Structure formats: C-alpha cells, structure tokens
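J.: The sequence and its predicted three-dimensional model are supplied below.
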Amino acid sequence: MDAIAHIPLVSFTAEITLPNLMNRRTFLRGTGVALALPVQDAMGAVKAGKVKRMVVFSNAFGMYPDAFFPKEAGANYRMPELLQPLERHRKQLTVFSNLDHGLNLGHAGSATFLNGIEAQDAAHFPDGNISMDQRAAEWMKAATRFPSLQTSVRGGKHRMSWTRNAVNLHAIGCRSLFDQLFLDLDAKGRAKQGERFEQENSILDVVRDQARSVHLRLGRNDQDKLEEYLTAIRGLEKRFAQEAQWLHRDKPRTQLAAPDQKVADTATEHEMHMELLALALQTDSTRIITTEFGTQNGDHDLPLSYHAYSHHGERPELVQGLMAIEKFQMGHIARFLDRLKRTEDPLNGGNLLDHTMVLFGCGMSTGHHSNKNLPLFLAGGGFKHGEHKVFPADKSDRTPACNLLLTLLQQFGLEIDQFGTSTGTLSLT
C-alpha cells in the first residue's frame with residue numbers, strides 16, 4: 001500500500017490536439033506536466049481564473065451518526081472519531097448537520113443524494129431528476145474529454161448520477177478507469193469508432209424523423225411520452241458529438257502501471273483508485289467525478305458483511321465493525337485530499353484542492369433506513385471552511401440539502417437560482 005501511495009502524480013506528459021478554432025496551441029506547464037487546453041471556453045475560464053472541479057464521494061449506508069457529527073457547532077468543534085482521519089484538513093473542511101431532502105425512502109434514498117427528487121416525481125420538475133454532477137456536465141459540454149466520470153470501488157452500485165431523462169449512469173472500476181484515461185485506440189480502432197458514430201447518428205436521424213411523423217396523430221399523454229423519447233435521442237446525439245470531437249486527440253501519457261483486472265486486496269484497490277481520480281483532474285481529462293465506495297468490508301478480517309454491520313442495533317461488536325469500515329473510507333478520502341493539496345493546479349496555479357470541491361455524503365443517513373440528517377461534509381473548492389454548520393432540526397424549519405447542491409453548482413460557474421427542491425443557497429464564502 002505504501003508503494004502505491006507514493007507513486008508520483010506527475011510522471012507523465014499530456015499532449016492534446018486543439019480544435020481549429022484556436023490559432024495556436026497553448027500549453028500550461030507545471031511540475032512535469034504539459035497540458036494543452038482542449039476548447040476555447042476552457043481558455044476563457046483559465047484567463048479568468050475560474051476553472052472549477054467537483055468530486056463527490058458516497059457510500060452505501062451512510063455513517064454511524066454518534067461518531068460522525070460533532071457535538072459542538074462553529075469552528076472549535078472536537079473532531080468525532082469517524083472524521084479524525086480528516087483532522088489535518090479541518091481548515092479546508094466544513095461539516096453539516098440537519099440537511100436532508102425531507103424524504104423517507106430507506107435504501108431507495110441513495111438514488112436521491114445529488115438531486116433530492118424521486119424518479120417517479122421527476123416529471124413535476126423543470127429539469128427532471130437530473131443529478132448535480134450531470135447538471136454541471138451539461139453546462140461543461142465538451143470542454144474536457146469526459147464531461148463527467150462515474151466510478152465505483154469494489155462493487156459500489158453507484159445510484160448517484162442521473163440524466164434529465166431519468167437514466168442512471170453506469171460506473172466503472174479501477175482498470176476501466178485507467179483504460180479510459182490513458183489507453184488510446186490505434187488508427188484502425190479510431191476509424192471503426194468514427195464509423196460507429198456515423199452509423200448511430202444515421203439511425204437516430206431515421207428514428208427522430210419517424211417519431212415526428214406520428215407526433216400529431218397521438219393523444220396528449222402519448223405526445224408527452226414521445227417528447228421525452230425525442231429528448232433522450234437529442235441527448236445521445238450530443239454525447240456522440242462530444243465524443244467525436246476527442247476521437248483523434250491523443251490521451252495523456254503516464255508511467256503508472258495499469259492495474260490488474262482484479263486487484264488482490266481492498267486497500268490497494270482503493271489507493272490505486274484515488275490515485276487515478278487525482279490524475280483525471282490533473283490531466284484535465286474531466287472536471288466532474290462521482291465515486292461510490294463498495295459494500296465490501298475492506299481489509300479488516302471482519303466476519304460479517306458491511307450491510308449486516310449497518311444494522312447493528314447498537315450492539316457494541318457490530319458498531320465496532322461498522323466504524324472500522326467507515327473509518328477506512330474516511331482515511332482514503334483524507335489521502336485523496338492530500339494528493340490534491342500537494343499537486344500543482346496546471347490551469348489555475350496554487351494546488352488542485354484550492355479549485356476542487358470535494359463533497360462526501362449519502363442519500364441514506366444510517367443503515368437503519370433513515371434518510372434524515374444526511375452525513376455531509378465539503379472540502380476545498382475556494383469556500384471558507386473550518387466550521388461545523390448546524391441548521392435547524394425542527395421539521396417545520398428544515399434547510400433542504402439541495403440548497404448545498406445549488407451552492408456548489410453556482411460556485412462551479414452555473415448561473416442558476418434553483419436546483420431540485422432548493423429554497424436558496426448556503427453562505428459558505
């Protein structure tokens with residue numbers, strides 16, 4: 001594990017061909033990295049010093065609340081046991097109490113973490129149940145090779161990321177993540193991929209034309225369903241167009257060895273995964289990442305499953321097992337923040353954590369199926385940190401968790417005043 005943790009982040013060079021809309025290639029150099037800006041919008045963002053990134057971590061069953069939430073509000077709180085691995089980052093960290101989505105869904109609440117909306121209610125909202133990361137990815141468009149990355153460690157189900165068409169986006173594991181970031185297609189492979197884009201767009205053209213031809217012959221309800229279908233087609237067209245822009249541009253190079261298809265132990269896989277996430281940001285392959293920790297126990301030699309420990313019933317031996325798993329997760333987030341803090345930001349100057357919002361949370365509060373008082377903390381991203389912010393606990397005066405999500409979207413650069421069930425923003429600057 002120590003060998004993995006000390007792999008240099010900058011043992012590679014990246015060279016990306018710029019589109020014709022730029023007259024010259026612009027490289028940003030720093031600590032062994034050479035990056036070419038991919039699009040003109042990104043150039044403007046760099047000049048303005050506004051390139052932002054967001055990373056979201058989640059797990060399956062929330063956190064044991066007595067060891068997660070500080071007892072004191074404000075800056076002078078004592079770090080609870082589960083957050084102790086993050087003690088060295090407390091000045092770049094904000095912990096929140098009493099934020100939630102006002103839902104009572106048990107395990108199904110995991111799917112509402114980044115939107116606050118049940119899929120069945122999506123039609124009642126202008127943006128459906130699109131998740132925060134995908135709302136940001138829509139705004140980013142093709143500024144990076146991957147508008148967003150969805151990943152999971154050791155089998156995380158990843159129910160966080162949703163398109164506005166209520167599609168849950170698939171997550172990739174450690175080896176697939178490495179291939180996505182660094183493995184280039186050869187000339188033949190790129191040609192075949194280009195042909196596939198053309199074929200799929202042709203098929204979508206035919207389907208769209210046929211759908212429009214029957215639109216006026218349908219009743220209102222069927223017209224609404226058909227419009228949802230056409231919206232999904234438009235989304236696919238945009239995705240193909242974005243992917244096609246990057247087809248003939250080389251990916252970054254790295255000296256990091258490709259991980260095995262199946263990493264032997266959980267701790268090593270987590271370390272490699274965190275390393276790859278940091279590299280994805282440093283190479284500007286993406287600026288938006290969501291990652292879920294899996295349901296495996298980690299290397300704790302625990303006899304029961306993570307799920308069994310989450311239903312601990314306050315039995316000391318089960319609580320102890322659950323705490324070991326959850327503290328293991330917090331340790332890897334802490335080391336991820338270490339990586340960002342020690343890595344120069346090639347686009348903005350400073351370090352990556354200065355311009356990367358790192359949110360942890362879950363749509364479930366605890367394994368006892370509660371969705372009230374979600375376990376949430378935020379690090380980095382240019383906010384004013386260092387406090388435990390306690391919001392009203394009374395049901396009649398609750399602050400929606402979507403207020404935090406809206407705040408993050410505005411900090412990312414979106415000029416919007418509503419997201420999900422938000423009623424406003426939080427004061428974090």
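T.: Great, that's in hand.
J.: Could you use CA atoms for every contact and neighbour count after this?
T.: Fine.
J.: Which residue ranges of the stretch 51-200 of the chain form strands?
T.: 53-58, 93-97, 99-100, 149-153 (DSSP state E, counting those that start in this stretch).
J.: Helix or strand: which one has the residue most central in space within the chain?
T.: Taking C-alpha atoms, centre = their mean, the centroid of the chain lies closest to residue 290, which sits 2.0 Å from it. Using DSSP states H and E, residue 290 falls within strand 288-293.
J.: and if you look at residue 257?
T.: Secondary structure from DSSP H and E places residue 257 outside every helix and strand.
J.: Would you list the phi and psi of it?
T.: phi -70, psi 140 (degrees, to the nearest 10).
J.: Go through the strands of the stretch 51-200 of the chain and name the closest to residue 409.
T.: strand 53-58 (9.2 Å; C-alpha to C-alpha).
J.: partners of the closest one, with directions?
T.: With DSSP bridges as the test, strand 53-58 is paired with strand 288-293 (parallel), strand 356-360 (parallel).
J.: can you confirm residue 255 is in a helix?
T.: No - using DSSP: H, G, I helix; E, B strand; the rest coil, the assignment for residue 255 is coil, not a helix.
J.: What's the separation between it and residue 279?
T.: Going from residue 255 to residue 279 by C-alpha to C-alpha, to the nearest Å gives 12 Å.
J.: With residue 349 instead?
T.: Relative to residue 279, and taking C-alpha to C-alpha, residue 349 is found at 16 Å.
J.: which of those two has more neighbours?
T.: Between residue 349 and residue 279, counted using other C-alpha atoms under 10 Å, residue 279 has the larger neighbour count: 23 against 15.
J.: Residue 423 sits in which helix or strand?
T.: Assigned by DSSP H and E, residue 423 belongs to no helix or strand.
J.: swap that for residue 221, sorry
T.: Applying DSSP H and E, one finds residue 221 within helix 220-245.
J.: Just the buried residues of stretch 83-101, please?
T.: In terms of neighbour count (16 or more other C-alpha atoms under 10 Å), stretch 83-101 has its buried residues at 83-86, 89-90, 92-101.
J.: again, but for stretch 122-129
T.: Burial within stretch 122-129, assessed by neighbour count using 16+ other C-alpha under 10 Å, is assigned to 122, 127-129.
J.: residue ranges of the helices in the stretch 51-200 of the chain, please?
T.: With helices called from DSSP state H, counting those that start in this stretch, the stretch 51-200 of the chain shows them at 132-140, 174-182, 187-215.
J.: what's the pLDDT at residue 49?
T.: Looking at residue 49, its pLDDT reads 56.
J.: what do you get for residue 122?
T.: For residue 122, the predicted pLDDT is 88.
J.: what residues are up against the spatially closest residue to it that is not a sequence neighbour?
T.: Nearest residue to residue 122, sequence neighbours excluded (C-alpha to C-alpha, 6 or more residues apart in numbering): residue 128, at 4.2 Å. Neighbour list for residue 128: 121-122, 164-166 [criterion: C-alpha atoms under 8 Å, 6 or more residues apart in numbering].
J.: quick one: which of the residues you listed is most hemmed in?
T.: Counting neighbours by other C-alpha under 10 Å, residue 164 leads the contacts of residue 128 with 22 neighbours.
J.: so that residue touches residue 127, yeah?
T.: Yes - contact criterion C-alpha atoms under 8 Å: residue 164 and residue 127 qualify, at 5.9 Å.
J.: returning to that earlier point: reformat the buried residues of stretch 122-129 as CSV; add distance to residue 402.
T.: Below are the buried residues of stretch 122-129 laid out as CSV (distance: C-alpha to C-alpha, whole Å):
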residue, distance to residue 402
122, 15
127, 14
128, 14
129, 12
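J.: Which members of these are the farthest-apart pair?
T.: Most distant of the buried residues of stretch 122-129, by C-alpha to C-alpha, are 122 and 127, 7.8 Å apart.
J.: any low-confidence regions in the stretch 51-200 of the chain?
T.: Counting by pLDDT under 70, the stretch 51-200 of the chain contains low-confidence residues at 156, 185-186, 189-190, 193-200.
J.: Closest one to residue 141 out of the contacts of residue 128, please.
T.: residue 164 (14.6 Å).
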